[in-house]
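# pasting the sequence and the predicted coordinates here, then a few questions.
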Amino acid sequence: MQEDHVTFTDTEDEIQSLDETDELQSQEETDELQSQEETDENEISQEETEETKKKLKRANWRVKEYQRFLIQALVFIIVVYVLFAHIIGVSAPPNNDMSPRIDATDLLVYYRLDKEPQAGDVLIFKKSDTRYVARVIAVGGDTVYVTEKYISVNGSHLSEPLIYYETYPLQGYVKYPITLAKDECFVLVDHRMGSEDSRYFGPVKYSEIEGTVITVMRRTNF
């Protein structure tokens, strides 16, 4: 009986070849995994970069909006300051001398730049550091005469249908007739009894005028 001789050389070669194949496959799998991990990391990094860019964009937008708001607020404050400090004024009447058309509880809005009044204008002005509100009846160049029966301007009797109080001259203060200088006006309050106006302190100089009343805001109790 013939014995079979088994050679291990081929087997070892085959095993070594299989091992090398496994190593190659393992290396390929490792490389593939590393490549996949790098790809995933790159994708994550790109996503993070995009998210960061979006956050920065939103932050920049908020900063710009805040800056725009600050600029608008500053411009608004400057406009309001210039408007109310140099052009428009708001004041309360010092008393009821202009009633019933203007009460002491009202607010007067006046135009500061109008220093050349016309007859009929209501003025806010100061005399000896005291503020007054009164109505113009005559301006520069006019001649005024006040008697116990009538008021005349340039020889014509003054018609005042909305004045409900009699007008009397105040003895010992102003001599009539009085002719106004170019920079003067003659004013009377609407409540003529016991009130101070040009019958008391004389003509008002234009330099003493703070402004011409443009509207009256009536305040009421709720």
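Yep, it's here. Every value quoted in this text rests on a predicted model; they were computed, and no experiment measured them.
# where's the most centrally placed residue in the chain, which helix or strand?
Nearest to the geometric centre of the chain sits F76, at 4.1 Å (C-alpha atoms, centre = their mean). For F76, the host element (DSSP states H and E) is helix 9-82.
# could you give me the average pLDDT of that helix?
The average pLDDT within helix 9-82 is 74.
# helix or strand for I214, which one?
Applying DSSP H and E, one finds I214 within strand 209-217.
# helix or strand right after the helix holding F76?
Once helix 9-82 ends, the next helix or strand along the chain (criterion: DSSP H and E) is strand 88-91.
# what's the following helix or strand after that next one?
For strand 88-91, the following helix or strand on the C-terminal side (DSSP H and E) is strand 107-111.
# and that next one, what's buried?
Using 16 or more other C-beta atoms under 10 Å as the test for burial, strand 107-111 gives 108, 110-111. C-beta: built from backbone N, CA, C; applies to glycine.
# need the contact list for E148.
Contact analysis of E148 by C-beta atoms under 8 Å, 6 or more residues apart in numbering lists 168-169.
# for it, helix, strand, or coil?
For E148, the assignment made with DSSP: H, G, I helix; E, B strand; the rest coil gives coil.
# mind checking how far it is from A59?
80 Å (C-beta to C-beta, to the nearest Å).
# okay, now the domains of this protein?
What automatic domain parsing lists as the domains of the chain is 8-91, 95-217.
# could you give the mean pLDDT of the longest one?
Throughout domain 95-217, pLDDT has a mean value of 93.
# end to end on that domain, go ahead and measure it.
One end of domain 95-217 sits 15 Å from the other (C-alpha to C-alpha, to the nearest Å).
# quick one: that domain to chain centroid distance?
Centroid displacement of domain 95-217 relative to its chain, using C-alpha atoms, centre = their mean, to the nearest Å, is 34 Å.
# E184: what's it in contact with?
Residues counted as contacts of E184 (C-beta under 8 Å, 6+ apart) are 139-140, 203-206.
# nope, Y111 is what I meant
Listed by C-beta under 8 Å, 6+ apart, the contact set of Y111 reads 87-89, 211-212, 214.
# try it again with 10 Å
By C-beta atoms under 10 Å, 6 or more residues apart in numbering, Y111 lies in contact with 87-89, 121, 124, 210-215.
# and if you look at Y173?
Counting by C-beta under 10 Å, 6+ apart, Y173 has contacts 196, 198-202.
# try V136
117-123, 142, 185-188, 198, 204, 209, 212 are the contacts of V136 under C-beta under 10 Å, 6+ apart.
# kindly recompute the last result at 8 Å.
With contacts defined as C-beta under 8 Å, 6+ apart, the neighbours of V136 are 117-123, 185-187.
# likewise for V153?
Listed by C-beta under 8 Å, 6+ apart, the contact partners of V153 are 119, 137-138, 142-145.
# just the buried residues out of those residues, in ChimeraX syntax.
Restricted to buried positions by 16+ other C-beta under 10 Å, the ChimeraX selection for these reads:
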select :137,138,142,144,145
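# nearest to E160 among the contacts of V153?
Checking the contacts of V153 against E160 with C-beta to C-beta, the nearest one is I137 at 8.3 Å.
# distance of that closest one from Y110?
As for I137, its distance to Y110 is 19 Å (criterion: C-beta to C-beta).
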